[in-house]
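Asks: need a structure here:
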Amino acid sequence: MIDLADAWFDYWQALVARQTPPSLVDRLNAMRPRWMADGACRGTGTGAYFPNRGEPVARAKVVCAACAVRGECLAYALADDQLQGVWGGTSDADRRAMRRNAA
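Replies: Numbering: from 1, shown residues only. Next comes the predicted model:
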């Protein structure tokens with residue numbers, strides 16, 4: 001989550017230094033793990049990765065299968081049991097099963 005106090009401080013510092021304040025997009029990009037920039041899904045849209053309940057996820061899994069950062073993506077998703085969608089070539093249900101089997 002973006003800390004609003006930090007965002008205001010950064011904005012204020014930029015204004016005092018007579019610089020352009022960072023945009024929300026810049027702040028979000030700075031918060032993302034570096035591996036996300038190398039994801040095969042980057043720039044492909046989110047529809048296939050966040051399907052409605054009951055919709056197939058095969059299209060997203062095909063992209064993930066050839067991704068260079070699939071392992072990092074899967075570890076990221078397994079670390080957060082609230083994360084929804086297809087991550088690291090796995091659906092929500094796949095990751096729940098992985099967690100159950102690991103316990």
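Asks: Might one say that Lys61 is in contact with Gly88?
Replies: No: with contact defined as CB atoms under 8 Å, Lys61 does not count as touching Gly88 (9.8 Å). C-beta: built from backbone N, CA, C; applies to glycine.
Asks: gap between Ala79 and Tyr11?
Replies: Separation of Ala79 from Tyr11 (CB to CB, to the nearest Å): 30 Å.
Asks: top helix in the protein by residue count?
Replies: In terms of residue count, the longest helix belonging to the chain (DSSP state H) is helix 4-16.
Asks: In it, which residues are buried?
Replies: Asp10 (16 or more other CB atoms under 10 Å).
Asks: Endpoints of stretch 11-24, how far apart?
Replies: Its first and final residues considered, stretch 11-24 spans 10 Å by CA to CA, to the nearest Å.
Asks: got it, and stretch 25-43?
Replies: 15 Å.
Asks: what's the domain layout of this protein?
Replies: Following automatic domain parsing, one gets these domains for the chain: 1-31, 34-102.
Asks: just the helices in this protein please.
Replies: 4-16, 24-31, 58-65, 70-78, 92-102.
Asks: Mind giving me the packing neighbours of the fourth one?
Replies: In other words, helix 70-78. Under the contact definition 3 or more CB pairs under 8 Å, 6 or more residues apart in numbering; DSSP states H and E, helix 70-78 sits against helix 92-102.
Asks: Report the inter-axis angle for the helix it packs on versus helix 58-65.
Replies: Orientation note: helix 92-102 sits at an angle of 60 degrees relative to helix 58-65 (axes from the mean of the first three to the mean of the last three CA atoms, to 10 degrees).
Asks: mind listing what's buried in helix 92-102?
Replies: Those would be 92, 94-95, for helix 92-102 by 16+ other CB under 10 Å.
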